[in-house]
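Participant: just coords:
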């Protein structure tokens with residue numbers, strides 16, 4: 001009898017021992033409104049990991065060198081510092097609240113304009129979650145990839161106020177601009193807001209990044225006023241070799257920017273990659289042709305500027321048009337950006353130091369409008385909803401939000417940190433007066 005009872009006793013003992021362990025096993029946390037369970041696509045994840053590195057390369061060192069070579073020697077370190085500061089400030093803000101405001105969800109009354117704070121400090125994000133827009137990618141990877149877009153956008157604006165802004169003002173500006181301007185526009189276009197629901201197409205950031213930054217740059221240039229000696233002193237670039245290296249890094253990084261925005265390693269990513277290279281080449285040729293006629297000589301700076309103009313122009317359309325469409329966008333973007341960077345600036349006499357508006361604002365507008373005309377469902381089914389009216393409505397909204405928000409932020413900076421360095425400091429150079437450093441011959 002004792003022998004027969006032994007298995008029962010052992011079974012009961014095992015059950016009692018396991019019971020607390022089973023009861024203590026935590027239930028899977030509920031998903032946030034923007035999340036989906038991860039269904040990992042390893043090939044796509046590998047490509048987006050690579051694209052994240054490529055887009056980060058665009059800011060440091062790509063844009064830093066591109067801009068740094070175009071200013072005068074006494075301001076090169078200060079100009080590079082803007083890119084480095086944008087990277088640091090935006091990364092921390094993205095972790096704290098920027099990601100949640102951009103790609104999270106809020107209540108029905110506000111979700112069309114701004115996300116919520118449920119994912120602030122990345123609460124609720126785990127290795128097993130994905131964003132509902134990209135269920136094949138780990139959410140942490142999605143967060144890192146989208147961060148790189150948030151980083152480069154304010155860094156682009158710095159080209160408009162280079163050589164005259166206080167470093168303290170630029171820090172406060174980057175901080176406020178990310179939260180007040182970038183995050184809402186990003187949400188409205190990409191994160192489930194009203195522009196995305198309307199059907200506004202922006203494949204990789206023509207409106208969210210380039211028009212947004214270009215308009216903000218124009219407002220900043222107008223508020224700060226021209227550099228001391230503008231139109232009189234020689235303000236030629238100090239080292240176009242830096243600019244050429246930076247442009248090359250931008251071109252390579254832009255493949256992650258555009259082809260990565262397919263969010264998968266697929267045919268659309270392949271088309272976007274080729275379209276990016278083609279449009280850049282076409283715009284470089286077109287810009288140079290116009291400059292050769294207007295300026296009598298083709299310049300390296302013009303060739304590089306045209307290259308970037310084509311990259312900007314194709315950004316909203318990269319995965320939505322066929323190569324013929326990309327070629328047209330490049331041919332139009334080059335002359336249009338030349339007109340914005342040379343003729344428009346000369347006519348209106350504003351000092352957009354490194355042509356943030358002339359290239360990124362004008363190029364982004366051209367690309368966004370042509371997306372509505374040239375997008376084809378034969379390349380991407382999402383293009384079936386493309387139309388010029390929706391693209392125009394989206395552009396007007398982005399321009400208005402960016403302009404008003406940027407002006408308000410500049411006023412805050414003006415009455416707190418102050419905006420401009422003193423005249424004597426500007427003449428001596430921002431490298432030494434703002435940072436206590438110089439670039440040696």
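Facilitator: Cool, got the structure. No experiment lies behind these values; they were computed from the predicted model shown.
Participant: can you give me the helices for the stretch 251-400 of the chain?
Facilitator: Taking DSSP state H, counting those that start in this stretch to define them, one finds helices in the stretch 251-400 of the chain at 267-295, 300-314, 323-338, 345-348, 362-374, 388-414.
Participant: the ones you listed: which one's closest to residue 80?
Facilitator: Proximity to residue 80 (CB to CB) singles out helix 300-314 among the helices of the stretch 251-400 of the chain, at 17.3 Å. Using the backbone N, CA and C atoms, a C-beta is placed for each residue, glycine as well.
Participant: for the closest one, name the packing helices and strands.
Facilitator: helix 240-258, helix 267-295, helix 323-338, helix 362-374 (3 or more CB pairs under 8 Å, 6 or more residues apart in numbering; DSSP states H and E).
Participant: who's in contact with residue 367?
Facilitator: 206, 210, 312-317, 329, 333 (CB atoms under 8 Å, 6 or more residues apart in numbering).
Participant: how does it look with 7 Å?
Facilitator: Residue 367 sits next to 206, 312-317, 329, 333 when contact means CB atoms under 7 Å, 6 or more residues apart in numbering.
Participant: out of the residues you listed, which is most surrounded?
Facilitator: Neighbour counts for these peak at residue 316, which has 39 neighbours (criterion: other CB atoms under 10 Å).
Participant: how about the nearest residue to that one, chain neighbours excluded?
Facilitator: Closest residue to residue 316 apart from its sequence neighbours, by CB to CB, 6 or more residues apart in numbering: residue 206 at 2.7 Å.
Participant: I figured that neighbour hits residue 364, correct?
Facilitator: Yes - checked against CB atoms under 7 Å, the pair residue 206 and residue 364 is within contact range at 4.6 Å.
Participant: that older thread, which of the contacts of residue 367 lies closest to residue 52?
Facilitator: Nearest member of the contacts of residue 367 to residue 52, counting by CB to CB, is residue 315, at 17.0 Å.
Participant: quick check: pLDDT value at the closest one.
Facilitator: Looking at residue 315, its pLDDT reads 98.
Participant: the strand or helix carrying residue 144 versus helix 240-258: what angle between them?
Facilitator: Element membership of residue 144, judged by DSSP states H and E, is helix 139-157. With axes from the mean of the first three to the mean of the last three CA atoms, to 10 degrees defining the directions, helix 139-157 sits at 140 degrees from helix 240-258.
Participant: helix 139-157 packs against which elements?
Facilitator: helix 42-57, helix 76-93, strand 129-131, helix 212-224 (3 or more CB pairs under 7 Å, 6 or more residues apart in numbering; DSSP states H and E).
Participant: deepest of these, which one?
Facilitator: helix 212-224 (a mean of 26; mean count of other CB atoms under 10 Å).
Participant: what's that one in contact with?
Facilitator: Outside helix 212-224, the residues within contact range by CB under 7 Å, 6+ apart are 153, 156-157, 159-161, 164-165, 177, 181-182, 185, 350-352, 356-357, 360-362, 364, 398-399, 402-403, 406-407, 410, 419-420.
Participant: equivalent analysis for stretch 51-63, please.
Facilitator: By CB under 7 Å, 6+ apart, stretch 51-63 touches 83-84, 86-87, 144-145, 148-149, 151-152, 155-156, 246, 249-250, 252-257, 259-260.
Participant: average pLDDT for that stretch?
Facilitator: 98.
Participant: what of stretch 295-311?
Facilitator: 97.
Participant: which residues touch the residue nearest to residue 203 when sequence neighbours are not counted?
Facilitator: Nearest non-adjacent residue to residue 203, counting by CB to CB, 6+ apart: residue 319, 4.7 Å away. By CB under 7 Å, 6+ apart, the contact list for residue 319 reads 203, 261-262, 268, 271-272, 380.
Participant: only the buried subset of the contacts of helix 212-224, as a PyMOL command please.
Facilitator: A single PyMOL command is used to select the members of those judged buried by 16 or more other CB atoms under 10 Å:
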select buried, resi 153+156+157+159+160+161+164+165+177+181+182+185+350+351+352+356+357+360+361+362+364+398+399+402+403+406+410+419+420
